[in-house]
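Q: Below is the sequence, then the predicted model.
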Amino acid sequence: MPSVIVLDDLSQEGLDLLDAAPGITYEVRTGLKGAELRDALRQFDGAICRSGVKLTADILEGNTRLRAVVRAGVGTDNIDKDAATRAGIVVMNTPAGNTISTAEHAIALMLALSRNIAPAYQSLVEGRWDRKKFMGAQVAGKTLGVVGLGRIGLAVASRAHGLEMNVLGYDPFMTAEQAGKLGIELLPSVADMLPRVDYLTVHTPLTEETKNLISDAQIEQIKPGARLINAARGGIYDEAALAAGLKSGKLAGVALDVYPEEPCTDSPLFGMEGVCCTPHLGASTEEAQTQVAVEAVELLSAYLNTGAIRCAVNVPAVDPKTLESLRGYLDVAYRLGRLAANLQPGSVNSCRLTYRGEIADRETKVLTAAFAAGLVEGAMAEEVNLVNAELMLRERGIDIVEECRGDMGAFRSSMTVEVGGGGPTRRVSGTVFGHNMPRLVSIDDYRLEAFLDGCMLFFSHKDVPGIIGKVGTLFGEHGVNIAQMAVGRSGPGGTAIGVLNIDGEPPAAALEAVRALDAISSATVISLPAAGHLPPWLG
Ligand SMILES: NC(=O)C1=CN([C@@H]2O[C@H](COP(=O)(O)OP(=O)(O)OC[C@H]3O[C@@H](n4cnc5c(N)ncnc54)[C@H](O)[C@@H]3O)[C@@H](O)[C@H]2O)C=CC1
Ligand SMILES: O=C(O)CCC(=O)C(=O)O
């Protein structure tokens with residue numbers, strides 16, 4: 001029965017849903033750090049977190065049990081996604097649940113700055129009735145610059161329209177036409193926006209590009225008296241530059257909900273005039289927390305119970321129906337990977353997959369992941385699965401080239417893998433017969449039709465009479481039962497390859513006797529999982 005650990009505060013509705021989730025047990029253990037956190041995570045199949053807990057590489061590395069972490073919220077920057085991928089852990093988030101609340105918080109900060117709400121209340125608390133000091137600014141008719149026109153940025157823009165503001169926007173993934181339809185004037189860069197904005201708000205992730213997006217040089221260019229808001233991620237604004245801008249009078253106000261290091265109680269801005277700050281409250285509403293918690297539980301239980309992947313940030317999404325409908329080809333892809341690894345022992349340095357026919361229009365990414373898992377599985381000390389296999393190859397400098405061809409060839413659907421390495425490139429093709437029965441349909445230049453499961457003997461030979469009989473007799477003498485035989489040949493009297501599906505590993509003496517036959521140039525035994533037996537992560 002899968003078990004789940006809840007690492008940060010989660011709304012009661014989410015916990016109630018976990019209580020009711022069929023076949024799942026859970027524990028709430030908040031405030032964990034270091035070794036305690038690492039050890040706790042090794043005892044669970046799934047985890048749910050918000051932004052409080054930090055799932056760094058040293059916390060996740062070596063965890064062979066945890067299968068998924070769901071962030072109840074948007075930003076997954078508290079989770080080392082590369083480390084999670086390497087450990088085969090799916091990372092998911094709930095991207096839409098707190099959009100409105102966070103947009104409202106950005107607007108609240110903008111209005112609080114404009115009307116000096118925080119210091120005015122503080123003056124009352126301190127016994128002063130000071131109406132002159134807190135002269136504010138009206139937002140109607142003013143210009144708001146929105147950097148990042150994703151879910152939250154667009155929700156902020158539409159609320160700003162309701163406040164009769166002019167909205168400028170910048171986002172590299174937005175067309176001027178689409179922005180225009182939404183009443184936003186799209187500018188080619190943040191720099192173009194700066195001289196025109198009375199207010200600037202950012203709604204991007206923290207990336208190499210957005211780190212210190214606003215620093216001293218940008219404050220030089222900004223319209224005097226501008227007010228800046230950040231309810232996205234700490235570090236997008238350079239706090240020291242903001243403090244200098246406020247001190248010089250260039251900026252009229254700064255409102256922050258997020259900080260480069262959190263928790264934060266010592267920002268250089270705290271206590272400065274014109275500053276209004278909150279402790280990362282953008283998503284802290286009953287509504288947002290209920291929604292993200294419920295979505296997080298739904299995502300996690302679907303993955304743990306059915307393998308469905310939605311809203312993943314480190315692997316392609318696959319829903320249960322798709323997985324089920326691809327089951328046969330997932331099996332073939334994984335088995336071809338295992339086979340290719342055996343045919344190209346020692347070193348692999350290139351992989352090419354060609355999908356033909358109907359399968360070429362399907363979710364081939366997940367099939368490629370299954371192939372990669374089969375290919376690397378035997379060579380890795382760590383657990384390999386659909387999540388981490390391709391990354392393992394990429395980290396070793398091997399990119400899988402994928403080609404999808406609509407033409408059918410000999411089958412309605414088939415996939416061919418070519419694996420280069422120490423020896424000559426090897427090529428094998430597979431397809432599905434009937435109800436999810438994996439079949440090998442070619443090997444190098446030879447067409448044949450063999451079961452793609454269990455113990456298999458591959459032998460190269462001259463196409464001369466009696467070979468199959470001799471191999472059969474030798475195996476019979478050693479008590480090896482043959483389930484089926486297949487032969488592919490270049491042409492009569494040419495070269496050929498034989499594939500025997502046998503009921504168990506042959507004794508070394510039987511193999512030696514086969515190799516000693518005159519017409520046989522090589523013979524190898526390769527063991528694949530028995531029919532219907534797949535690793536648990538393939539279901
Ligand atoms: N304060 C809080 O409690 C909360 C903060 N957030 C944060 O808000 C931010 C935005 O979240 P969403 O709107 O949901 O994300 P989103 O993914 O829907 O939108 C982000 C947008 O930023 C754009 N972008 C990326 N790099 C950019 C760049 N260099 N310049 C301009 N635009 C760029 C992307 O194209 C995308 O349209 C995230 O950092 C998220 O973590 C989200 C929820 C709550
Ligand atoms: O969990 C929270 O309250 C923080 C929300 C947040 O920052 C996010 O969803 O990115």
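A: Happy to help now that I have it. Ligands and ions are numbered 1, 2, ... in the order given.

Q: CA only for contacts and neighbour counts going forward, please
A: OK.

Q: what does this structure have sitting close to ligand 1?
A: Contacts of the chain with ligand 1, taken as Cα under 6 Å from any ligand atom, map to 74-75, 95, 98-99, 102, 147-153, 170-173, 203-206, 209-210, 231-233, 257, 280-283.

Q: ok, of those residues, which come out buried?
A: Listed as buried from these are 74-75, 95, 98-99, 102, 147-149, 151-153, 170-171, 203-206, 210, 231-233, 257, 280, 282-283; burial here means 16 or more other Cα atoms under 10 Å.

Q: Among these, name the ones in strands.
A: Judged by DSSP state E, strands contain the following of these: 147, 170.

Q: Low-confidence regions, this protein specifically.
A: 381, 539 (pLDDT under 70).

Q: Find the closest residue to ligand 2 in the stretch 401-539 of the chain.
A: Across the stretch 401-539 of the chain, no residue is closer to ligand 2 than residue 537, which sits at 28.5 Å (Cα to the nearest ligand atom).

Q: What number of residues are in the vicinity of that residue?
A: Counted with other Cα atoms under 10 Å, the neighbours of residue 537 add up to 14.

Q: Let's check: the centremost residue of this protein is which one?
A: The residue lying closest to the centre of the chain (Cα atoms, centre = their mean) is residue 314, at 1.3 Å.

Q: Give me the three-state assignment for that residue.
A: Secondary structure, DSSP: H, G, I helix; E, B strand; the rest coil: residue 314 is coil.

Q: near ligand 2 too, which of the residues of the chain next to ligand 1?
A: When contact is defined as Cα under 6 Å from any ligand atom, the residues of the chain next to ligand 1 meet ligand 2 at 74, 75, 283.

Q: Please tell me I have it right and the last one contacts residue 96.
A: No: taking contacts as Cα atoms under 8 Å, residue 283 lies outside contact range of residue 96: 10.9 Å.

Q: How about the residue of the stretch 401-539 of the chain closest to ligand 2: what's its closest non-neighbour residue?
A: residue 385 (6.4 Å; Cα to Cα, 6 or more residues apart in numbering).

Q: contacting residues around that neighbour?
A: 88, 370, 373, 537 (Cα atoms under 8 Å, 6 or more residues apart in numbering).

Q: let's see 10 Å
A: Listed by Cα atoms under 10 Å, 6 or more residues apart in numbering, the contact set of residue 385 reads 67, 85-89, 369-370, 372-374, 376-377, 535-538.

Q: likewise residue 429?
A: 332-333, 336, 353-355, 414-418, 439-444, 447-448.

Q: circling back: from the contacts of residue 385, which land in helices?
A: Among the contacts of residue 385, the residues falling in helices (DSSP state H) are 85, 86, 369, 370, 372, 373, 374, 376, 377.

Q: which residues do residue 283 and residue 96 both contact?
A: By Cα under 10 Å, 6+ apart, residue 283 and residue 96 have these common neighbours: 73, 74, 292.

Q: Let me know how buried the first one is, in neighbour terms.
A: Translated: residue 73. 25.

Q: and if you look at the last one?
A: Neighbour count for residue 292, taken as other Cα under 10 Å: 27.

Q: tell me which element it is part of?
A: helix 286-306 (DSSP states H and E).

Q: Provide the secondary structure category for residue 355.
A: Per three-state DSSP, residue 355 ends up strand.

Q: ok, which stretches of the stretch 401-539 of the chain are helices?
A: For the stretch 401-539 of the chain, applying DSSP state H, counting those that start in this stretch gives helices covering 467-477, 508-515.

Q: What of the stretch 1-150 of the chain?
A: Going by DSSP H, counting those that start in this stretch, the stretch 1-150 of the chain shows helices at 12-20, 34-41, 57-60, 81-86, 99-114, 117-125.

Q: again with the stretch 151-300 of the chain
A: Secondary structure of the stretch 151-300 of the chain (DSSP H, counting those that start in this stretch): helices located at 151-162, 176-181, 190-193, 216-221, 239-248, 286-306.

Q: who does the longest one touch, helix- and strand-wise?
A: For helix 286-306, the helices and strands in contact under the criterion 3 or more Cα pairs under 10 Å, 6 or more residues apart in numbering; DSSP states H and E are strand 3-6, helix 12-20, strand 46-49, strand 68-71, strand 90-93, helix 99-114, helix 320-343.

Q: Give me the contact status of that helix with ligand 2.
A: No: Helix 286-306 stays clear of ligand 2 (Cα under 6 Å from any ligand atom), getting no nearer than 7.6 Å.

Q: isn't residue 63 right next to residue 85, touching?
A: No: counting by Cα atoms under 10 Å, residue 63 stays clear of residue 85, with 11.3 Å between them.

Q: Counting neighbours, go ahead and name the busier of the two.
A: Taking neighbours as other Cα under 10 Å, residue 63 and residue 85 compare with residue 85 leading, 25 against 22.

Q: Now do the contacts for the closest residue to that one other than its chain neighbours.
A: Closest residue to residue 85 apart from its sequence neighbours, by Cα to Cα, 6+ apart: residue 388 at 5.0 Å. Residues in contact with residue 388 (Cα under 10 Å, 6+ apart) are 82-90, 314-315, 369, 372-373, 382.

Q: So which of those is the closest to ligand 1?
A: residue 314 (14.3 Å).

Q: roughly how far apart are the closest one and residue 81?
A: Distance of residue 314 to residue 81, computed by Cα to Cα, to the nearest Å: 7 Å.

Q: before we move on, back to that, could you dump the helices and strands packed on helix 286-306 into a markdown table with distance to residue 199 added?
A: What follows is the helices and strands packed on helix 286-306, written out as a markdown table (distance: least, Cα to Cα, whole Å):
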| stretch | distance to residue 199 |
| --- | --- |
| strand 3-6 | 38 |
| helix 12-20 | 37 |
| strand 46-49 | 33 |
| strand 68-71 | 31 |
| strand 90-93 | 30 |
| helix 99-114 | 8 |
| helix 320-343 | 45 |
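
Q: what's the angle from the helix holding residue 292 to helix 320-343?
A: 50 degrees (axes from the mean of the first three to the mean of the last three Cα atoms, to 10 degrees).

Q: Can you give me the buried ones in helix 286-306?
A: Quick answer for helix 286-306 (16+ other Cα under 10 Å): 288-304.

Q: repeat for stretch 222-240
A: Applying a neighbour-count criterion of 16+ other Cα under 10 Å, one finds 222-239 buried in stretch 222-240.

Q: coming back round to it: compile the ones in helices among the contacts of residue 385 into CSV and extend it with columns for distance to ligand 2.
A: CSV is the format used below for the ones in helices among the contacts of residue 385 (distance: Cα to the nearest ligand atom, whole Å):
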residue, distance to ligand 2
85, 20
86, 23
369, 29
370, 31
372, 32
373, 32
374, 35
376, 35
377, 35
